[in-house]
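Student: here is a sequence together with a model predicted from it:
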Amino acid sequence: MGSRLRRGWLRLHRWLALTLGLPLAVVALLGAVLLVLKPIDHWRHAELFSVAPGPAASDLLERVRQRLGAEFGPGAALTFRLPRLADESLRVAVRGPWDGTIYLDPRDASELGRRGEHEGAFNLLFEIHSALLLNETGKPLLALLALAYLVLLIGGLVLWWPKRWRRALVLTLDRGALRALFDLHRGGGALLGLLIGVPVLSGAYMAWRPLSQAVTTLSGQPSTAPPRLPGLAADVQGPPLELDAMVKLARAGFAGAPVGYVQLPAHPGKPIRVRLRLADDPHPNGLSSVWLHPHSGRVLAAHRWSELDPGARAYSVIYPLHTGELGGLGTTVLNGLLGLALAGLGGSGIYLWWKRRG
């Protein structure tokens, strides 16, 4: 490689790291912290997450829907996370006049407590990690950070590429701490760069929906879209079907599969979505969906996860790969270590620049 081209890559690598490297390192560090903080949060606030085992109320979902509808009004979106273990609480995420999560006892629908969207260390750090505290505005910025990482990775590999492979990963310890740190930064980035790219790119894919839409467009297949409500008078005649009965209808079409989420949109003209966790779906929350009329409960569409468009279907692997749930404890630990490694590369790079500048 010519010296001019190498200097160009060095400048690009250096200034990209100085401008976007710090937020990238912070997001990576928070990802590692969240893996540890989640079980601690559940333990410290066991009164919100745990209940005594017992049968759930037969009208649990409808009772909670009516209560929260009366409190927050018709413009609030509600997402029900049903208990997955005998001692788990029912959690309802609210988006409307108030944003947060309400925890309820599934046996009698009594409220156990509630937390705002940014309330508590785990929730606050998660919002920084997933959207930089900027809601939808922060998600394209996360995609920009992922793109910056790709350029940093390519530039780092170009600058590292050895003339003599025997010394490709040498760690020099007899020329001072600064030189040792430089070798560690250089060799560690080359050795772990591709692995670190997995949580970085998977996080960007989840954060910014246009990436999945681009995958589907490139595949040439049509997008899997939610159905629109038909304008049939029969669907709005008589009393509305209770939410619990709607969920039973949704499950019946998939042999009684367990429910991941029940999503009630804020707009009354949109269908209710029931997400189901099929046995062959790697996504822990399930991507198979049944769409129902919000009044009659009539099934409008049913989408099996394996039949979704390629961009949406990719979430079934990308989400658990990013969170560490695909592969169990080993993947979780590896993701945490990769997050720490990226934070270390960012911090060491900035420190090396500062010391050499001085």
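Tutor: That came in fine, so what should we check first?
Student: ranges for the helices of the protein?
Tutor: 3-16, 22-44, 46-49, 60-72, 121-131, 138-160, 177-207, 210-219, 243-252, 310-313, 315-323, 329-357 (DSSP state H).
Student: helices or strands up against the last one?
Tutor: Under the contact definition 3 or more C-beta pairs under 8 Å, 6 or more residues apart in numbering; DSSP states H and E, helix 329-357 sits against helix 22-44, helix 177-207, helix 315-323. For the C-beta atoms, the positions are set from N, CA and C on the backbone; glycine is no exception.
Student: any stretches of the protein with poor pLDDT?
Tutor: 1-2, 232-235, 358 (pLDDT under 70).
Student: okay, domains of the chain per the record?
Tutor: 3-41+126-218+328-357, 223-319 (automatic domain parsing).
Student: run a quick neighbour tally on the closest residue to Ala190 other than its chain neighbours.
Tutor: Nearest residue to Ala190, sequence neighbours excluded (C-beta to C-beta, 6 or more residues apart in numbering): Trp160, at 4.4 Å. The tally of other residues near Trp160 (other C-beta atoms under 10 Å) stands at 16.
Student: I'd assumed Asp183 was in contact with Trp160.
Tutor: No: using C-beta atoms under 8 Å, Trp160 is not in contact with Asp183; the gap is 10.3 Å.
Student: coming back round to it: most tightly surrounded among the helices and strands packed on helix 329-357?
Tutor: helix 315-323 (a mean of 20; mean count of other C-beta atoms under 10 Å).
Student: which strands or helices does that helix pack on?
Tutor: helix 177-207, helix 329-357.
Student: nearest to His303, of the ones you listed?
Tutor: Nearest to His303 among the helices and strands packed on helix 315-323 is helix 177-207; the distance by C-beta to C-beta comes to 18.9 Å.
Student: tell me the gap between that closest one and the middle of its chain.
Tutor: 21 Å (C-alpha atoms, centre = their mean, to the nearest Å).
Student: next up, the contacts around the residue nearest to Leu132 when sequence neighbours are not counted.
Tutor: Spatial nearest neighbour of Leu132, excluding adjacent residues (C-beta to C-beta, 6+ apart): Gly138 at 3.6 Å. By C-beta atoms under 8 Å, 6 or more residues apart in numbering, the contact list for Gly138 reads Ser130, Ala131, Leu132, Ala207.
Student: same question for His322.
Tutor: Neighbours of His322 in contact, by C-beta under 8 Å, 6+ apart: Pro199, Ser202, Gly203, Met206, Asn335.
Student: mind putting the helices and strands packed on helix 329-357 into CSV with distance to Asp59?
Tutor: CSV is the format used below for the helices and strands packed on helix 329-357 (distance: least, C-beta to C-beta, whole Å):
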stretch, distance to Asp59
helix 22-44, 28
helix 177-207, 34
helix 315-323, 32
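Student: sounds good, over and out.
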